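Enquirer: Sharing a model that was predicted from the sequence below.
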Number of protein chains: 2
Amino acid sequence: MPVDLELAPKQKRANGAPCCEPVVYPDVDREQALRMAEVAKALGDPIRLQLVDVLRKHAGKVCVCELVPLFDISQSTLSHHLGKLRAAGIVDSERQGLWAYYYVIPDALEELSAWLS
Amino acid sequence: MPVDLELAPKQKRANGAPCCEPVVYPDVDREQALRMAEVAKALGDPIRLQLVDVLRKHAGKVCVCELVPLFDISQSTLSHHLGKLRAAGIVDSERQGLWAYYYVIPDALEELSAWLS
DNA sequence: GTATTACATCGACAAACGTGAGTGTTATTG
DNA sequence: CAATAACACTCACGTTTGTCGATGTAATAC
């Protein structure tokens, strides 16, 4: 919201004097920021974002062989993206014979989602 | 939610036959994915995430000179991060004499936030 | 006018990234 | 058994990233 608080009428500080006193501080500490940024970074690729979208909407376990034809990338690149999502703690997978099934880890997106709301 | 739908009992496809028919599709189209991934990517760095946190919570325009002492990075690096946030359409700035004031663009995070919820 | 401050931009660097071709591993089919 | 499918992993590549020091630009203070 463009509240347009008073823009503190600053003055150039005297030689060597400290600049503006900071009057605002982050509510989110470094630890939280690291966790949420890791999740956001993993979502920061359109293919990975669509992957998560598919997995979330399906709300079950999806075979990689169903994901491959949805995207215009090679199988190895898709595997790489799934690996990134797993490394970020967003998804996990389960082997079943020849097939691998991926699913979204419940609550993995919650902290970021809550912060954004 | 770990609904654990039936894991379709796949069978190895015959030589040359198409693999699994995809039964799931993304709800989010390519355009949306590109927009949201751009925002997520910009939030995918802990310093930028904290920057956005400060600017959002303050709900007004914040002078760069107040932001610099909050983080353990050089002024030029901070400027670089603010530039990235601006390029992603998350923040904008306003010059006032020697000082620059940054603020979050209303609704810039809305699409991503809604998708995550 | 001169000195100095606030901020953005440039140049450089190592590290990480997205991508595909190729390879390896394991399981299934026949 | 042999052939082959599904998937992850390795290697190589060009691109992007985060970082800092140095420089540029514009405005203020004296």
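Expert: In hand now; what should we look at? Residues are numbered from 1 along each chain as shown, chains lettered A, B, ... in the order given.
Enquirer: Just give the number of residues close to A:A37.
Expert: For A:A37, the neighbour count with other Cβ atoms under 10 Å in any protein chain shown is 22. (Glycine included, C-beta is placed from N, CA and C.)
Enquirer: Same check on the one 4 residues further on?
Expert: By other Cβ under 10 Å, the residues close to A:K41 number 20.
Enquirer: hang on, it packs against B:D45?
Expert: Yes. If you go by Cβ atoms under 8 Å, A:K41 and B:D45 touch, sitting 7.3 Å apart.
Enquirer: The nearest residue to A:S117 once chain neighbours are set aside: which element?
Expert: Spatial nearest neighbour of A:S117, chain neighbours left out: B:S113 (5.7 Å); criterion: Cβ to Cβ, 6 or more residues apart in numbering or on different chains. Assigned by DSSP states H and E, B:S113 belongs to helix B:110-116.
Enquirer: What ranges does chain A have for its helices?
Expert: Using DSSP state H, the helices of chain A run over A:30-42, A:46-58, A:64-67, A:75-87, A:110-116.
Enquirer: closest one to A:G97 among those helices?
Expert: Closest approach to A:G97 among those is made by helix A:64-67 (11.8 Å; Cβ to Cβ).
Enquirer: could you say what helices and strands that closest one packs with?
Expert: Other helices and strands packing on helix A:64-67, by 3 or more Cβ pairs under 8 Å, 6 or more residues apart in numbering or on different chains; DSSP states H and E, are helix A:75-87, strand A:99-104.
Enquirer: quick one, phi psi at the residue of chain A found nearest DNA strand C?
Expert: Closest contact between chain A and DNA strand C, by Cβ to the nearest atom of the strand, is at A:G97 (2.8 Å). A:G97 has phi and psi values of phi 60, psi -130 when expressed as degrees, to the nearest 10.
Enquirer: and it, how many neighbours does it have?
Expert: By the measure other Cβ under 10 Å, the count of residues near A:G97 is 9.
Enquirer: For the most centrally placed residue in chain A, list the residues it contacts.
Expert: Centroid check for chain A by Cα atoms, centre = their mean gives A:A40 as the closest residue, at 1.8 Å. A:A40 makes contacts with A:L112, B:A40, B:K41, B:L43, B:G44, B:L49, as judged by Cβ atoms under 8 Å, 6 or more residues apart in numbering or on different chains.
Enquirer: next one: A:Q75
Expert: A:V68.
Enquirer: quick one: it and B:I90, what's the gap?
Expert: The gap separating A:Q75 from B:I90 is 34 Å, by Cβ to Cβ, to the nearest Å.
Enquirer: again, but for A:L112
Expert: For A:L112, the distance to B:I90 - Cβ to Cβ - is 14 Å.
Enquirer: Thanks a lot, catch you later.
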